[in-house]
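A.B. asks: sequence first, predicted coordinates after that:
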Amino acid sequence: MSAPIAAIEIGTSKVCALVGETREDGNIMITGMGNCPSLGVRKGVIVDLEKAAGCVQTALQEAENSGTVEIRQVYLVVNGDHIRASANQGSVPVFDPERGISEDDINDVMDIARAINLPHDAELLHSIPQTYEVDGQTRIINPQGMHGAKLSLDMLIIHGTRNILNNTIKAARNLGLEVLDVASSGLCSALATLTPEQKECGVALIDLGAGTTNFVVYADDAIAATGCVAVGGDHIVNDISQGFTISLRRAEALKHESGSAIANPADRFRRITIPEEVGFPACSVSAGDLNAIINARMEEIFLLIKSQLDKKSLLPELGAGIVLTGGGAHLKGVEALGEQVFGLSCSIGKPRYFSGIATAHEGPEFSAPLGMIRYAIRSAAKNSGKTKSWSRMFKRWFMGEI
Amino acid sequence: MKLLIVGVGNGGCNTVQTMARLWPDGPKMAAVNTDQRARSEPVNLEVITVGEKILKGMGSSGDPRLALHAAESDIPRLRNLFEGATLVIFAVGLGGGTGSGITPLLVEEAKKAGALTLCFVMFPFDFEGGRRREQAERGLQAIRDLADGVVCMHNQRLSALVDDKANVQDAFRKAETALAGGIREFWRVLNSSPIINFDFADLRAFLQKSSGNCIFCCAEGSGEGRIETVLEGIKKNALLNNGRSLADADSFVICIIGGPDLSISDIENIVNGITAFGNRDAHTMTGVGCEPAWNQTIHVTILAAEKNSVAQGAPIRQMQQHASDHEDADSSAPPSSDMVQTGLFDVVDQGRFKGVTPTIIDGNNLDIPTFIRRRIHVQKAKIANI
């Protein structure tokens, strides 16, 4: 058993703090969990630091109580459409072509491929090696020992806006917590839900969050693309609220209880009654209209992601289809709509190889913080013995950890 | 072409008054208001007070529904006004009751009389408050649905020109003068003897294609260095957000009017100068006209289709709906101010995404509900009868 690790996700709908430790069989046991409806976060980005910090504190306390631990150090999930991916290629001559490509050559090419000029306000989050190329032979996964004169590497550089990242970190640091590392939400979700087989066959993970929708695409066991659009479940609720002119809270309840991503023609004749509450009289809406609103928004989100995958011609690479996760995966009919839009099989991705507090890992909505724990455990194992400075925190890379 | 210029509401009426004063030999002008206080000093200005029977000439108290209801009782008078006109230009100050409420009705009547309609609307200053802004947005949507062309002017942007200590009247005067000048400039563009033709058909096609916001600005220069003056004037123009709107615009029209001495290199310099700080990929149209009496004088008018508009071309017959609401209103209907506050389409910057950077992808503001952008009709919640 390792020391307990705490991960916090400051999401748009909820702030979640989890405590987990590894067991002998390699599974991760969730021992503590805290959850608090989120305030002051829009589209994955903190807009009110004080409110957000308050939520973090509530969630953290709950996690401390349920896990009977004291949390001083945390890993943070970061999110928002300011997080972007750019591809970069680096090449080096092989030091000793007679002996083949050595580990030093690989380290050299990684350093070069990682050196990219980022915008002045951007901070490097992850650099992810994709595939190697040796003397023009492409798509090599591990070139070590191969013969060749020139070694190239495609690197995916993930970066975010420094100030926004710092705000998220500040929300935790203001509570006296030490932030050990941060990782992007989409990558964390992928780490929690995808199996090695899926990654090998090619798969697109879509994390349907409240404020943002993240996607991560694996092709040939390497991350081929990742991205984030700042549209999510909140937009559905807002659409419903505007369409029917009802409060956001009622819209939220309608979406959860009666909403479906697939519009059924028979719905037109069915009306849903919204019960009376203080200040609002009882009223009714057409089920057909409700589902039309949800369907239009969900389809648009899927189409946005599809167009991004199309741009890189990744759709034919997705042998294992689409995996949906995040709170939005609870929406009725969302798999069927995904299948319609992408023309690929669609499934709900639940976190894998976790145990402990059941609610934490049975549904798709905790994928990101669970993935963060796995990321933290793996990176801790890799960096054991090395000291890590604050400035190096962002500059680490993701290979093998995903 | 027989032109009629109609000012609607207080802002619009003041604008046509300014115009009538500055332009005594201009076309026929009319001021339509619910408030009697609009006076007819200039000779060629016809003043029509609508709904006197209902409102007693006291104005609409900022309620578009009430204004519309009042105006509907005076439809025959309005029909007379539009008779024989081929192009009606409306000058409207949005946000209050009359401008936002009755303009859609007037546009419809003008169209029934066989005229083409072009609306110049003023968007309220920020200090006028949220409710007026909402009313303005609703009114704009309704107008956009009906008129052949809508050009928008954001008063708030003019506040850069007014210094902080200037009185509020100055701010409004400035807005009205800018609008009056703009309309006059447009009329000139459409009416001058064309060298490179840009006529009303082009204008209409342009305005209809740019479903978003359309804004304008004018600049003029004369004597030596007039081209530089014009370019500088455009770059610094507050209505274009200090030129930023041009950098974002999808497409724009550049209309140049000069005297007989206008040379090819003048035109080239102006067009190149403008496209240099405009969006490179923007679709640009140019019209050039000549005023025989002008020497060493150049007027340039720019019309730009602005991206990321708040109210993106959602065709909602909001005002008509309000009208029908009014007719079948029974005793249990909510009070009028409430109706305005909770209309079917509360505009996007409300609710959840207020004050958050909008998500804009491929020119679409994704914070606007998808069903509105896709024009899916949705019926709002019905109060259950218990």
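C.D. replies: Ah, there it is.

A.B. asks: quick one: contacts of stretch A:43-52?
C.D. replies: With contact meaning CB atoms under 8 Å, 6 or more residues apart in numbering or on different chains, stretch A:43-52 is reached by A:10-12, A:15, A:38-41, A:79-82, A:164, A:167-168, A:170-171, A:174, A:185, A:209, A:211-212, A:228, A:230, A:232, A:234, B:353, B:355-357, B:359. Bear in mind the C-beta positions are built from the backbone N, C-alpha and C, glycine included.

A.B. asks: give the buried subset of the residues you listed as a ChimeraX selection command.
C.D. replies: Filtering the contacts of stretch A:43-52 down to the buried ones (16 or more other CB atoms under 10 Å in any protein chain shown) takes a single ChimeraX command:
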select /A:10,11,12,15,38,40,41,79,80,81,82,164,167,168,170,171,185,209,211,212,228,230,232,234 /B:353,356,359
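
A.B. asks: looking at the contacts of stretch A:43-52, which are in strands?
C.D. replies: A:10, A:15, A:41, A:228 (DSSP state E).

A.B. asks: how about those, which pair is most distant?
C.D. replies: For those, the farthest-apart pair by CB to CB is A:Val15 and A:Cys228; their separation is 18.7 Å.

A.B. asks: so can I have a markdown table of the ones in strands among the contacts of stretch A:43-52 showing pLDDT and distance to chain B?
C.D. replies: Below are those laid out as a markdown table (pLDDT from 0 to 100; distance: CB to the nearest CB, whole Å):
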| residue | pLDDT | distance to chain B |
| --- | --- | --- |
| A:Ile10 | 94 | 16 |
| A:Val15 | 95 | 18 |
| A:Val41 | 92 | 10 |
| A:Cys228 | 94 | 11 |
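
A.B. asks: looking at the residues you listed, which is nearest B:Asp126?
C.D. replies: Closest to B:Asp126 out of these is A:Val41 (26.6 Å), distances taken as CB to CB.

A.B. asks: quick check, pLDDT for the spatially closest residue to that closest one that is not a sequence neighbour.
C.D. replies: Nearest in space to A:Val41, with sequence neighbours left out and distances taken as CB to CB, 6 or more residues apart in numbering or on different chains, is A:Thr12 at 4.9 Å. pLDDT for A:Thr12: 93.

A.B. asks: isn't A:Thr12 up against A:Ala210?
C.D. replies: Yes. Using CB atoms under 8 Å, A:Thr12 is in contact with A:Ala210, at 4.0 Å.

A.B. asks: joint contacts of those two?
C.D. replies: With CB under 8 Å, 6+ apart as the test, A:Thr12 and A:Ala210 both reach A:232, A:234.

A.B. asks: list the contacts of the residue in the stretch 301-402 of chain A that chain B sits nearest to.
C.D. replies: Nearest residue of the stretch 301-402 of chain A to chain B (CB to the nearest CB) works out as A:Leu304 at 6.4 Å. Contacts were defined as CB under 8 Å, 6+ apart; by that measure A:Leu304 touches A:213, A:229, A:231, B:361.

A.B. asks: still on that earlier bit, who are the neighbours in contact with the residue nearest to A:Val41?
C.D. replies: A:38, A:41-44, A:79, A:209-212, A:232, A:234.

A.B. asks: from these, which land in helices?
C.D. replies: The helices, defined by DSSP state H, take in A:Asp234 from those.

A.B. asks: which of the contacts of A:Thr12 lies closest to chain B?
C.D. replies: Among the contacts of A:Thr12, and counting by CB to the nearest CB, the member closest to chain B is A:Arg42, at 4.4 Å.

A.B. asks: quick one: residues contacting the closest one.
C.D. replies: A:12, A:211, A:234, B:352-353, B:356.

A.B. asks: mind running it again at 7 Å?
C.D. replies: A:Arg42 is in contact with A:12, A:211, B:353, B:356, counting by CB atoms under 7 Å, 6 or more residues apart in numbering or on different chains.

A.B. asks: quick one: low-confidence parts of the chain?
C.D. replies: Using chain A here. A:1-2, A:360, A:383-402 (pLDDT under 70).

A.B. asks: my question was about chain B
C.D. replies: Residue ranges of chain B with pLDDT under 70: B:37-43, B:159-164, B:166, B:210-213, B:238, B:241-244, B:280, B:306-351, B:385-386.

A.B. asks: and the residue nearest the centre of chain B, what element?
C.D. replies: By CA atoms, centre = their mean, chain B has its centre lying nearest to B:Val121, at 2.1 Å. Secondary-structure assignment from DSSP states H and E places B:Val121 in strand B:116-123.

A.B. asks: quick one: the next helix or strand after that strand to chain centroid distance?
C.D. replies: Past strand B:116-123, further along toward the C-terminus, the next helix or strand under DSSP H and E is helix B:130-146. Helix B:130-146 sits 11 Å away from the centroid of its parent chain (CA atoms, centre = their mean, to the nearest Å).

A.B. asks: now helix B:130-146: buried residues?
C.D. replies: Applying 16+ other CB under 10 Å to helix B:130-146 flags B:132-146 as buried.

A.B. asks: one step back: roughly how far does the closest residue in space to the residue nearest to the centre of chain B that isn't next to it in sequence sit from B:Pro124?
C.D. replies: Spatially, and ignoring its direct neighbours in sequence, B:Val121 is nearest to B:Val92 (4.8 Å; CB to CB, 6+ apart). Distance, B:Val92 to B:Pro124, using CB to CB, to the nearest Å: 11 Å.

A.B. asks: ditto for A:Glu317
C.D. replies: Counting by CB to CB - A:Glu317 and B:Pro124 are separated by 52 Å.

A.B. asks: more neighbours: the two, which one.
C.D. replies: B:Pro124 (26 against 18; other CB atoms under 10 Å in any protein chain shown).

A.B. asks: B:Phe125 contacts B:Met153, doesn't it?
C.D. replies: No. Taking contacts as CB atoms under 7 Å, B:Phe125 lies outside contact range of B:Met153: 11.5 Å.

A.B. asks: which stretches in the stretch 251-386 of chain B count as strands?
C.D. replies: Here the stretch 251-386 of chain B has its strands, by DSSP state E, counting those that start in this stretch, at B:251-258, B:283-290, B:297-306, B:360-361, B:364-365, B:382-383.

A.B. asks: do the same with the stretch 151-300 of chain A
C.D. replies: Using DSSP E, counting those that start in this stretch, strands in the stretch 151-300 of chain A cover A:178-184, A:203-208, A:213-219, A:222-229, A:271-274, A:283-286.

A.B. asks: out of these, deepest packed?
C.D. replies: With neighbours taken as mean count of other CB atoms under 10 Å in any protein chain shown, these reach their highest mean count in strand A:203-208, at a mean of 29.

A.B. asks: how about that one and chain B, any contact?
C.D. replies: No. For a cut-off given as CB under 7 Å from any CB of the partner chain, strand A:203-208 has no contacts with chain B; the smallest distance is 14.8 Å.
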